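1. Test case, fold it:
(chains A and B)
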Amino acid sequence: MKTWVSSILIIVVVLLAGSLLSNLIMNNHHGNHKSVFKTIESKPYEPDSIPMSSVKHLAYLDTVSVTAEGRHFAILNRENEITSFKCSECHNEPLEELKALKPKMGKKSHWNIELQHANAETMNCNTCHSENNMDELHTFTGARVSFNNSYKLCSQCHQQEYKDWAGGAHGKRVGGWAKPVVKRTCTNCHNPHSPSFPHKYPSRINTRMVEQRAKK
Amino acid sequence: MIIDSIKKLQNLFNQSAEKVDESGGVKQVFEKPIDRRSSLKAMAGGFVASAALSGAGCSDAKWQEYFKGNYKVMTDEERKATIARLSANYEERTGHKVNISDKKPNENTLFGYAFNVSKCQGYGDCISACVEENNQDRDTEMQYIRIHEMNKKNGINFEMADDTFTHQVPQEGNFYLGTQCFHCDNPPCVKVCPVEATWQETDGIVVIDYDWCVGCRYCLAACPYDGRRFNWKQPTVPEPEVNKEQHYLGNRLRKKGVMEKCTFCVQRSREGKNPACVEACPTGARTFGNILDPESEIRYILENKKVFRLKEDLGTEPKFWYYMD
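-> Okay, here's the model as predicted:
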C-alpha cells in the first residue's frame, strides 16, 4: 500500500517537474525572443543626436588624414617615427657610390634589415624603395608614395587585408570607438621587411584556475 | 511566485554574518560589524537590529549606506548620495581619492563586440589589461577573460581546449579563442536573479549592483558561457594599483560574497573609449563599437564577414560575434 502511494507521489512530482522544465525549454527555444538584428533594424540611427566623441582621447597623437575604400579617417604619422628618416641625409649620392664606400665603413649600413617577406623573385629593396629618392616609396607603376602612406604599397598585393583594414575587420583603431576614426597603419603592426607576428610567452598566466574550477 | 520568494528568503537567511576578511590589501567596503543580509535577519528576529547597529557605533553615513536601495531604481540624488558616501569612505580609509561615475547610457547606442579568431595569437595582453583596469582580486587571480587554445583539427571544442597554457604562443596548428561576458540581448542570468541585482542597460551592457547582490549565484549557474565570477573571499588590490577612475556599475571595489563580471568597461565605453582588452590587444583581433551606427567597424564586420556566436540555438542573442578570415 505504502509503495503504491509513494510511487503515485513520485509520478506526480516527475510530471510536475517535467512540465516546468518543458515550459522553460519552450521559452528558450521557441519563445518569441527578440533578435539583436531586429533591434538594430528597429532603431534607425540618428548620428547627430550622439554627443559621443573620442577627440579627448586623441589629443596627443600625430595623425595624417587618408581616404581608403571611400572611407575617410586618420592614420598615425610614420615619418616622425622612423629614426633613419630623412634617408637623404646619407642617400644624397647614387646608391652605387654609397656601396663603393662600404669597405671603408666596415659594417653594412642596414645590417639589421633582412627581407623575410615573399621571396627574392617577387621582392627586393627596389620593389618599394626608390633608389633615386630614398625619402619616398613607389608603387609598381612608379607612382610616388610617402612613408606615411605606405599602406598603398601593401594594398597592391594584399587587397583583401587592405579592404578589411579600411572597413574595420583587420587592424585596429586608436583612441576609442567613437568618432573621429584614427587607425593604426599596416607598418604600426607589421615590419614591412619581415611582416609576420612574433612568438612569445603569454603576458599573464593564471595559476589558480584549476582550484577555482573545483570550487564551482 | 511563492517558491521564488521562499528561495529569496532562504538565501537571505542562509548567509550567516560573514566575517570580513582583513588579510592584506585594502579593505574595499564599509567596515561592517553587520551587513545587509545579517541586519535583515536581525530585524526579523525582533527589535534587536537598532540596538546591534548603534552598539557597533554606526555613523549616519554608514546607516544610510546599509539601507540604501537597488541602484537600478534609485533617483539621481540617491545615486549621487551613495557615490559620495563610498568615495568619502575610501578617502577616509586610504587617504586617496576615487572618482566614481554614475554616467548613464548614451542615446542611440547599442554596444557590440567582435573577435577575430584567426588574428588572436594567445598573448593574453587583454587579460592583464582587464585585471588592472577592473580592480580584480589579485589573490585569487580573478580574470573575466579566458583565452582558449584549440587545435585546428578539432575546431571549436571547449572540452578539448586549454585555457591555462603557459608555453610560447602562437603554437603551430592551434588557434586562440577568447570568451568573457557576452552581454546577451536575452540574458538568462538576469532572468534568474531573485532580487533584480543584475539587469541590462539601454546601451546593452548587463550590469550588477554589487551592493544589492545577495550572492546566491543563480546567475553563475544560468550563464551558458562561463561569463560570471564570484568573490569567495574579500577581494584585495594593493592600494597603489587600484584604478581610481571608476563607475558604480563597473570597476568600483567589490566585496566578499557578490558576483562580478565583464561590463564592457562601462567606465571607459560610456566615455567613447574602447574597453581595456580592445585597447591592449596588439593584433587587432578585438573590435568594439556601436552596432546601431552603420559606419562603425563592428557593422562592417557583421555585414562583410561570416560571423557566428556561441550556442546560438539557446536564443540568448549574445552581442559578441566571432569571425575568421
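
2. And B:Cys223, how far from B:Asp313?
-> Separation of B:Cys223 from B:Asp313 (C-beta to C-beta, to the nearest Å) stands at 16 Å. Heads up, the C-betas are built off the backbone N, CA and C, glycines and all.

3. try B:Cys262
-> 23 Å.

4. Pull the contacting residues for B:Met160.
-> B:Met160 makes contacts with B:Met150, B:Asn151, B:Asn154, as judged by C-beta atoms under 8 Å, 6 or more residues apart in numbering or on different chains.

5. just B:Glu149 next, same as before
-> B:Gly122, B:Ala161, B:Asp162, B:Asp163, B:Phe165, B:Val169, B:Gln171, B:Asn174, B:Phe175, B:Tyr176.

6. quick revisit: quick one: which of B:Cys262 and B:Asp313 has more around it?
-> B:Cys262 (26 against 7; other C-beta atoms under 10 Å in any protein chain shown).

7. wait, what's in contact with that one?
-> Contacts of B:Cys262 (C-beta under 8 Å, 6+ apart): B:Cys130, B:Asn134, B:Tyr144, B:Ile145, B:Gln180, B:Cys181, B:His183, B:Gly227, B:Pro275.

8. give me that answer again for 6 Å
-> B:Tyr144, B:Gln180, B:Cys181 (C-beta atoms under 6 Å, 6 or more residues apart in numbering or on different chains).

9. and which of those residues is nearest to chain A?
-> Distance to chain A across the contacts of B:Cys262 (C-beta to the nearest C-beta) is lowest for B:Tyr144, with 11.5 Å.

10. if I look at that closest one, how far off is B:Glu279?
-> Taking C-beta to C-beta, one finds B:Tyr144 at 15 Å from B:Glu279.

11. mind giving me the domain split of chain B?
-> B:25-102+B:186-262, B:111-183+B:272-323 (automatic domain parsing).

12. from those domains, which stretch is densest packed?
-> Stretch with highest mean neighbour count among these: domain B:111-183+B:272-323 (a mean of 20; mean count of other C-beta atoms under 10 Å in any protein chain shown).

13. And that one, end to end?
-> Start and end residues of domain B:111-183+B:272-323 are separated by 17 Å (C-alpha to C-alpha, to the nearest Å).

14. which element is B:Ala129 on?
-> Assessed by DSSP states H and E, B:Ala129 sits inside helix B:125-133.

15. can you give me the angle the helix or strand following that helix makes with helix B:125-133?
-> Per DSSP H and E, the first helix or strand lying C-terminal to helix B:125-133 is strand B:146-151. Going by axes from the mean of the first three to the mean of the last three C-alpha atoms, to 10 degrees, strand B:146-151 is angled at 170 degrees with respect to helix B:125-133.

16. I'd like the next helix or strand past the helix or strand of chain A at the bottom of the mean pLDDT ranking.
-> In chain A, no helix or strand scores lower on mean pLDDT, DSSP states H and E than helix A:2-29, which sits at a mean of 49. Counting by DSSP H and E, the next helix or strand C-terminal to helix A:2-29 is helix A:36-42.

17. Now chain A against chain B: closest residue?
-> A:Gly168 (2.5 Å).

18. Surely that residue touches B:Tyr300?
-> Yes - with contact defined as C-beta atoms under 6 Å, A:Gly168 and B:Tyr300 form a contacting pair (4.5 Å).

19. Mutual contacts of the two, please.
-> By C-beta under 6 Å, 6+ apart, no residue touches both A:Gly168 and B:Tyr300.

20. what residues are up against the residue nearest the centre of chain A?
-> Closest to where the C-alpha atoms of chain A average out (C-alpha atoms, centre = their mean) is A:Gly171, at 1.7 Å. Counting by C-beta under 6 Å, 6+ apart, A:Gly171 touches A:Trp165, A:Lys183, A:Arg184, B:Gly284.

21. Among the residues you listed, which ones are in strands?
-> A:Lys183 (DSSP state E).

22. now the contacts of A:Gly171 in CSV, with pLDDT and distance to B:Arg268?
-> Output for the contacts of A:Gly171, formatted as CSV (pLDDT from 0 to 100; distance: C-beta to C-beta, whole Å):
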residue, pLDDT, distance to B:Arg268
A:Trp165, 98, 24
A:Lys183, 97, 19
A:Arg184, 98, 19
B:Gly284, 98, 18
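
23. Redo the contacts of A:Gly171 as a markdown table? Include distance to A:His138.
-> A markdown table is the format used below for these (distance: C-beta to C-beta, whole Å):
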| residue | distance to A:His138 |
| --- | --- |
| A:Trp165 | 21 |
| A:Lys183 | 23 |
| A:Arg184 | 23 |
| B:Gly284 | 27 |
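
24. How are the helices of chain B distributed by residue range?
-> B:2-14, B:36-45, B:48-55, B:60-66, B:76-94, B:125-133, B:188-192, B:218-222, B:266-269, B:276-280, B:297-304 (DSSP state H).

25. where's whichever residue of chain B sits closest to chain A relative to A:Glu69, distance?
-> Of all residues in chain B, B:Glu297 sits closest to chain A, at 2.5 Å by C-beta to the nearest C-beta. Distance from B:Glu297 to A:Glu69, counting by C-beta to C-beta: 13 Å.

26. got it, and A:Ala120?
-> Taking C-beta to C-beta, one finds A:Ala120 at 31 Å from A:Glu69.

27. Now do the end-to-end distance for stretch A:46-62.
-> First residue to last in stretch A:46-62 (C-alpha to C-alpha) measures 30 Å.

28. For that stretch, give the mean pLDDT please.
-> The pLDDT scores in stretch A:46-62 average 79.
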